[in-house]
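Participant: pasted the sequence and its predicted model underneath.
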Amino acid sequence: MTSMISVTLKGIFRDRVFQGILMTALIFLLIPTVSLLSMRQVTELSITLALSLNSLIFLLLSVFLGGTMLWKDIERRYSYGVLGLPMTRSSYLAGKFAGVALFFLLTAIVLGAATFVVVFFASSLYPPERPVQWEIIALCLFFDVMKYVLLVAIAFLFSTLSTSFFLPVFGTIAIFLAGGATQQVYDYIHSTAGDTLTPLVKQAASGLYYLLPNFSAFDLKVNAIYGLSTSFSGLLLTIGYFLLYTTFILSLAALIFSRREMR
């Protein structure tokens, strides 16, 4: 599996994905200038824009890199040669996923460094009323990476079900949108405002809440922007949720991929 991870990373770099990310990172240079539009919250706006740009880049990578990784190998018949070697399909799938996950970590380091530089520059020019909590910003970036690595696992699952890139790409986008709203829907149906809903609707919404990924659990942007403390037990629970959900999705993907006919 180690060789598959290496091949996957080399393929990503060969496609100049990382160079594209470095070019996109140049947008970070504009953040301090745009932040000046907020006369009283320059630092807070800088953190908001930097973290939002990070999320946008990771979302694009998750959808188009995770959604087309397996499809390209099968379409170009690379997978046929690899699977002819003494390697199981599960190892092949796990190696591809691990390679993408490592690439995400590398990207997070580069984008995280750019974020810290931008925020430090903005806070030096216009000192905020409350000190910048650098460790919370780092935690926010780390949990953001986990969220999009989980999204990559979902994209891999869709890739094992389809012979084209349409289902992985658009299916991943749909799951991302739904997973970002599950917590709000769950809170609504269990509030007094949700008493007008029928029991059947409540049960269906609750079932989807537990079935779909809860991406809101990974969102620490508000904590990073305003320097709010985080619950250690809550962070551990989110990490455990990430590990269990990702393992389940990859296991399901490996089961489907092992039974898929390769033509």
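Facilitator: Received, thanks.
Participant: F165: neighbour count?
Facilitator: 18 (other CB atoms under 10 Å). Bear in mind the C-beta positions are built from the backbone N, C-alpha and C, glycine included.
Participant: got it, and the one 3 residues further on?
Facilitator: Here the number of neighbours of P168 (other CB under 10 Å) works out to 26.
Participant: wait, doesn't it sit right on F158?
Facilitator: Yes: counting by CB atoms under 8 Å, P168 does reach F158; the two are 4.1 Å apart.
Participant: now do the shared contacts for the two.
Facilitator: G67 (CB atoms under 8 Å, 6 or more residues apart in numbering).
Participant: grab the longest helix from this protein for me.
Facilitator: Assignment by DSSP state H gives helix 89-125 as the longest helix of the chain.
Participant: by contact count, what packs against that one?
Facilitator: Counting contacts by 3 or more CB pairs under 8 Å, 6 or more residues apart in numbering; DSSP states H and E, helix 89-125 packs against helix 2-14, helix 17-24, helix 31-35, helix 42-75, helix 78-83, helix 134-161, helix 232-258.
Participant: now with 6 Å?
Facilitator: helix 2-14, helix 31-35, helix 42-75, helix 134-161, helix 232-258 (3 or more CB pairs under 6 Å, 6 or more residues apart in numbering; DSSP states H and E).
Participant: now those helices as CSV including mean neighbour count, mean pLDDT and distance to G207?
Facilitator: Below are the helices and strands packed on helix 89-125 laid out as CSV (neighbours: other CB atoms under 10 Å; pLDDT from 0 to 100; distance: least, CB to CB, whole Å):
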stretch, mean neighbour count, mean pLDDT, distance to G207
helix 2-14, 15, 76, 35
helix 31-35, 18, 71, 41
helix 42-75, 20, 84, 25
helix 134-161, 22, 93, 18
helix 232-258, 15, 92, 16
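Participant: would a markdown table of these with distance to F103 be doable?
Facilitator: Formatted as a markdown table, the helices and strands packed on helix 89-125 follow (distance: least, CB to CB, whole Å):
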| stretch | distance to F103 |
| --- | --- |
| helix 2-14 | 5 |
| helix 31-35 | 24 |
| helix 42-75 | 8 |
| helix 134-161 | 10 |
| helix 232-258 | 16 |
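Participant: compare the ones you listed and give me the one nearest G99.
Facilitator: With CB to CB as the criterion, G99 lies closest to helix 2-14 of the helices and strands packed on helix 89-125, at 2.7 Å.
Participant: out of everything not next to it in sequence, what's closest to P131?
Facilitator: Of all residues not flanking P131 in the chain, G227 sits nearest, at 6.8 Å (CB to CB, 6 or more residues apart in numbering).
Participant: same thing with G171?
Facilitator: F158 (4.4 Å).
Participant: how close does the one you found get to V110?
Facilitator: Noted for F158: a distance of 28 Å to V110, by CB to CB, to the nearest Å.
Participant: and A217, by the same measure?
Facilitator: 25 Å.
Participant: comparing the two, which residue is more hemmed in?
Facilitator: A217 (19 against 13).
Participant: contacts only, for that one.
Facilitator: T238 (CB atoms under 6 Å, 6 or more residues apart in numbering).
Participant: okay, now the residue nearest to P131: neighbour count?
Facilitator: 17.
Participant: does it really touch R130, like I thought?
Facilitator: Yes: G227 lies in contact with R130 (CB atoms under 6 Å); the separation is 5.2 Å.
Participant: can you classify E129 as helix, strand or coil?
Facilitator: coil (DSSP: H, G, I helix; E, B strand; the rest coil).
Participant: what's the burial count for it?
Facilitator: Residues near E129, counting by other CB under 10 Å: 9.
Participant: and the gap between L211 and V118?
Facilitator: 38 Å.
Participant: tell me which of those two has more neighbours.
Facilitator: Higher neighbour count among L211 and V118: V118, with 21 against 9, using other CB under 10 Å.
Participant: can you pull the contacts of the more buried one?
Facilitator: Counting by CB under 6 Å, 6+ apart, the residues that V118 touches are 28, 31, 46, 50.
Participant: now those residues as a markdown table including distance to C140?
Facilitator: Formatted as a markdown table, those follow (distance: CB to CB, whole Å):
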| residue | distance to C140 |
| --- | --- |
| F28 | 16 |
| I31 | 16 |
| S46 | 14 |
| A50 | 10 |
